[in-house]
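Q: Fold the stuff below for me.
(2 chains)
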Amino acid sequence: MVEADRHTNIEIFTYTEVESVEGQPGDFRITLTKKPRYIIEDKCTGCTTCVENCPVLIPDPYNQGLCTSKAVHIYFSLAVPLITYIDEECLYLKEKKCKICEAVCGNQAIDFTQKPERVEIKVGAVVLAPGFEIFNPGLKNDYGYGRLPNVITSLDFERLLSSTGPFEGEIRRPSDGRHPKRIAWVQCVGSRRVTPGDNSYCSAVCCTYTQKQVILAKEHDAELEATIFHNDIRSYGKDFEPYFKRAENLPGVRFIRSYVSLGREIPETNNVTLRYATPDQGVKEEEFDLVVLSVGLNPPADALKLAEKFGLQLEPHGFCRVEPTNPVATNQPGIFVSGAFQGPIDIPESVFGASGASSQCGELLNYRRGKLVKEKKYPEEKDVLGQEPRIGVFVCHCGANIGRVINVPEVVEYVKRLPNVVHAQEQLFSCTTNAAKEIIDMVQEKELNRVIIAACSPRTLEPLFQDTLKEAGLNQYLLEMTNIREHCSWVHAKEKENATEKAKDLIRMSVARTTVLEPLREIELPVNKTALVLGGGIAGMTCALSIARQGHEVHLVEKDSELGGVARRIHYTLDGMDVQSYLSDLRSKVYEHPLIHVHTNSEILEATGYVGNFVTRVKSHRGTAGIKHGATVLAIGSREYTPKEYLYGETDKVLTQLELEERLATQDEGLTGSQTFVMIQCVGCRNEERNYCSRVCCSQAVKNALKIKELNPEADVYILYRDMRTYGFREDYYREASERDVKFIRYEPDRAPRVELVSQGGKEFVRVAVTEEIVGQEFGIDADYLVLSSAVLPAKDAEAVSQLFKVTLGPDGFFKEAHVKLRPVEFSTEGVYLCGTAHFPKHIQEVINQANGAASRVLTLLSHDTVTSSGAICVVDEDKCVACAACMTACVYGAIEFRTVGERKAAMVNPAICKGDGLCNAVCPTGAIQLKHFTDEELLSQIDAAGQEEIEEEMEKAVAAM
Amino acid sequence: MIKVEKSVPLKEKIHQFFKDQGKGKFGDVMVLGGGISGIQASLDLANAGFKVYLVEKSPSLGGKMAQLDKTFPTNDCST
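A: Residues are numbered from 1 along each chain as shown, chains lettered A, B, ... in the order given. This next block holds a predicted model:
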């Protein structure tokens, strides 16, 4: 949010709606209506004096009405912009009374004469990202919601968990403020139901968010008992399966597979009873202190209006209708969609969908790229060399995250007395735009030449604060962040006094280091404008095509003799896409594009270089070529697991889903003439060896079962499953299969189906024995074909590719992205991106979405002429170097090489490759390597300062004793 | 409903573009919605050389994600 706010090329209109749209791609004229805030945006400083004095209490919309706010208030503590607005409940707006806010505002920022304001903007393209609405269980009083105070929604509970929530992060229940000890979660509220007012689809996120809430609630109160009433557990995403296990294995947590109904409210306690049924105990009624409804995702409230204004078609559930082959494209050219308006999706998909939409805009508007943008201008950097250190310390409350535990004012008073500190102050949130302005002002006013932010981990916000220093005219390496949140207030939440003392120690140590910090130079590196995409499946081809359409040359490298990857074995999708004709169309577009060079039958011999300047040696039948490129995309796909179980390979009666699909596509008579099919799910995954769900197999089984039924309506199809994971709109097809009499039988992993090959009357079939969990009875099915939904595995060469390109693999062997939510299509290694099933198994539509997303991220690099490398890198003192090569072995980036100095050799660090991870300087036996920004002097001063306090105390005692 | 005018060849589009530049609020892309998806789209576009208008109906950016406490499966903070 703050990054968007500070970006020179983004202009933000909040409290604003679209009134009308005219024009065509490349030339849309849009009229916006800015609603009156009754606040003059430029004058409001967010000081909240008006809020304190406002007499009108309203239910706080940000906190789901669980607590109150004032009629004039800031939307939430981290709002962007961090200024107030006046709600329609204001006394003056309603009854022309009061106006206290106007009287108390020191900046004359209140303006009751504001009227809705029209703004006309002209743009070339539009991205619609209106999000979703949560399902409202109040409409039908589901489970007494709206009537019983202790029945709340999951979003309400999210606010209860939050430190900026109604009880500052304490879980208290609405009726009496007591800490609930027995909490029940009810899954699928409003989802997976065909009753009027409910949604037939699966909302795709609730299973895992509930597990998160359980884990967090248990962290708040270890004694708490959590009970989750669920249908299928849909942990289909990356790292979700272990997360589910983690929640399930916590003490006092019960996952119960049962439908539930409301029992009654107990009048004396406002506790609520729920009725449920289990196979062994029958129907039971149990009492809970708090009931959380895991509500699903609805289309955005104004979906219809948006559709009308933009001329969009909606799909039957009310979300935006998108093309199966391009999930960000609407029926209107030039208008794209991203996020949950595409359908119920999780955050990572919203993020790469957003990037995908951005890439499509880039294809459309490439002719005008760079024409309207402004470069950010910084003031000239002050020369601080030789100056006495003048340190400013800003101690952040982080709302209540730090301030609730650490006594911030006391810390500030302590810090003021430390040597070289000329200014210290507290801030509510140092990461807000207003706080940044305060820091800049203080640097000027107090002539600070070094700044310490005592707040959170530098991992997320250090770049932001470095930018603030640059804006203040200081070298960004004169910043130090002291982590008093993760390292202090969070881990010592129960020891407030000790935490405060520790915060003082940490800051004192930071002051010692900051005193000797040096300004550092960053290097501008040229960017080669070409991209290399490894892997010629749907992901690689889609990504290559989007990059090429934005004017960049692409080398598409494929190890096989033809393009297409695993998709060559997929023929149709649940929503009716003809995969083979799509594939051949995509293939010709790739071959026809003048900027794409296709290398088939090719392998990578060596990959060297760094962001903007990679050199990759590719070997093909044409020989070996060194390709120079600025960005790399790894799209090497995945493969199907070859089962070792269930007689696979021993008889032609046992197939995998892909093999079945290939034969169904050709309408193989041996198959279509057969009577009985049994499918077994989760073959080769969700087990100890592979603790993940392959995500696509449940939908694949439903798809093939429907196909069998289409070809032969009389056929019997059984699907033996653990949890049906047909998430999102795929749920409708699961229901359809059920209605077409496909039989779904659930099994537990410790009672897995048993199979044997049987010959009877000259006919061979597979006899499958499975225990049905609800009736507890064993069934025998004689199957003409047994179909195994076998796991999706990482590509065979994933390990080798990860080493070549110096990227990491996750525990499952799939590539590990830089951040699971916020950077899902790039690696921590700069300039290297990923997409497709190499990241994790996914459906074709998701692959296309992610491939376009990766292209967008590539463009954010390739559209620049230079890229800046860090100043915090290693340097070698050649006089001390004995050329032992220990550093070269330690460096994982290959950043160190020897060069000849006079008559001998010495190590040299390539500043463009060095990531400053500090491995080489740690192994150097002669101390010839220093890591800038973390020099021995800087770190030793910091360490010395750790014990300083005690020494001084001892000294004082000693002096007093004398 | 958008009033669609007849299609314009690229050359004229570019000509029109340069004529319109500097007149009022003239940008490349409007992003509607200031939640995680809208913010990400805006940042990508802005970093790839486009001028963006980001339009949000509520008084602040952030959307639904800003109301979440932490995110799965890493339990990282949302805001």
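Q: only C-alpha atoms for contact and neighbour calcs from this point on.
A: Will do.
Q: I figured residue A:180 hits residue A:173, correct?
A: Yes. Between residue A:180 and residue A:173 there is a contact at 6.3 Å, judged by Cα atoms under 8 Å.
Q: what sits in contact with each of the two?
A: Residues touching both residue A:180 and residue A:173 by Cα atoms under 8 Å, 6 or more residues apart in numbering or on different chains: A:289-290.
Q: List the residues that contact residue 10.
A: Let's take chain A. Residue A:10 makes contact with A:4, B:42-43, B:46, B:51-54, according to Cα under 8 Å, 6+ apart.
Q: What residues does the closest residue to chain B within the stretch 151-300 of chain A make contact with?
A: Relative to chain B, the nearest point of the stretch 151-300 of chain A is residue A:162 (4.9 Å; Cα to the nearest Cα). By Cα under 8 Å, 6+ apart, residue A:162 lies in contact with A:168-170, B:68-69.
Q: The same query, at a cut-off of 7 Å, please.
A: Contacts for residue A:162 (Cα atoms under 7 Å, 6 or more residues apart in numbering or on different chains) come out as A:168-169, B:69.
Q: which among these gets closest to residue A:554?
A: Residue A:554 has its nearest neighbour among these in residue B:69, at 41.2 Å by Cα to Cα.
Q: Test my guess that that closest one contacts residue A:401.
A: No. Applying Cα atoms under 7 Å, one finds residue B:69 not in contact with residue A:401, separated by 11.8 Å.
Q: Centre-most residue in chain B?
A: In chain B, the centroid-proximal residue (Cα atoms, centre = their mean) is residue B:31; its distance is 2.4 Å.
Q: ok, that one - contacts?
A: Here residue B:31 is in contact with A:126-129, B:38, B:42, B:53-55 (Cα under 7 Å, 6+ apart).
Q: Check residue A:909 too.
A: Counting by Cα under 7 Å, 6+ apart, residue A:909 touches A:874-875, A:895-897.
Q: 10 Å instead, please
A: By Cα atoms under 10 Å, 6 or more residues apart in numbering or on different chains, the contact list for residue A:909 reads A:873-876, A:887-888, A:891, A:894-899, A:920, A:929.
Q: follow-up on the earlier one: which residues are common contacts for residue B:69 and residue A:401?
A: Common contact partners of residue B:69 and residue A:401 (Cα under 10 Å, 6+ apart): A:162-164, A:169.
Q: Which one of the residues you listed is nearest to residue A:645?
A: Nearest to residue A:645 out of those is residue A:162 (Cα to Cα; 46.5 Å).
Q: confidence score at the closest one?
A: pLDDT, residue A:162: 90.
Q: what separates it from residue A:789, distance-wise?
A: Residue A:162 sits 41 Å away from residue A:789, going by Cα to Cα, to the nearest Å.
Q: rewinding a little: can you name the two of the contacts of residue B:31 that are farthest apart?
A: Greatest spatial distance among the contacts of residue B:31 (Cα to Cα): A:129 and B:53, at 12.8 Å.
Q: more crowded one of these two?
A: Higher neighbour count among residue A:129 and residue B:53: residue A:129, with 30 against 25, using other Cα atoms under 10 Å in any protein chain shown.
Q: The shared contacts of residue B:69 and residue A:401: which two are farthest apart?
A: Pairwise distances across those peak at 6.7 Å for A:164 and A:169 (criterion: Cα to Cα).
Q: Between these two, which contacts overlap?
A: Shared contacts of residue A:164 and residue A:169 (Cα under 10 Å, 6+ apart): A:400-401, B:69.
Q: Can you tell me which of the residues you listed has the most neighbours?
A: Counting neighbours by other Cα under 10 Å, residue B:69 comes out on top of the shared contacts of residue A:164 and residue A:169 with 25 neighbours.
Q: Now, the contacts of residue B:31 that are in strands?
A: Judged by DSSP state E, the contacts of residue B:31 include A:126-128, B:53-55 as members of strands.
Q: May I see these arranged in TSV, with distance to residue A:244 and pLDDT as well?
A: Output for the ones in strands among the contacts of residue B:31, formatted as TSV (distance: Cα to Cα, whole Å; pLDDT from 0 to 100):
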residue	distance to residue A:244	pLDDT
A:126	38	97
A:127	34	98
A:128	33	98
B:53	40	97
B:54	37	97
B:55	37	97
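Q: got a markdown table for those, with distance to residue A:691 too?
A: Listed next are the ones in strands among the contacts of residue B:31 as a markdown table, based on distance: Cα to Cα, whole Å:
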| residue | distance to residue A:691 |
| --- | --- |
| A:126 | 41 |
| A:127 | 37 |
| A:128 | 37 |
| B:53 | 44 |
| B:54 | 41 |
| B:55 | 42 |
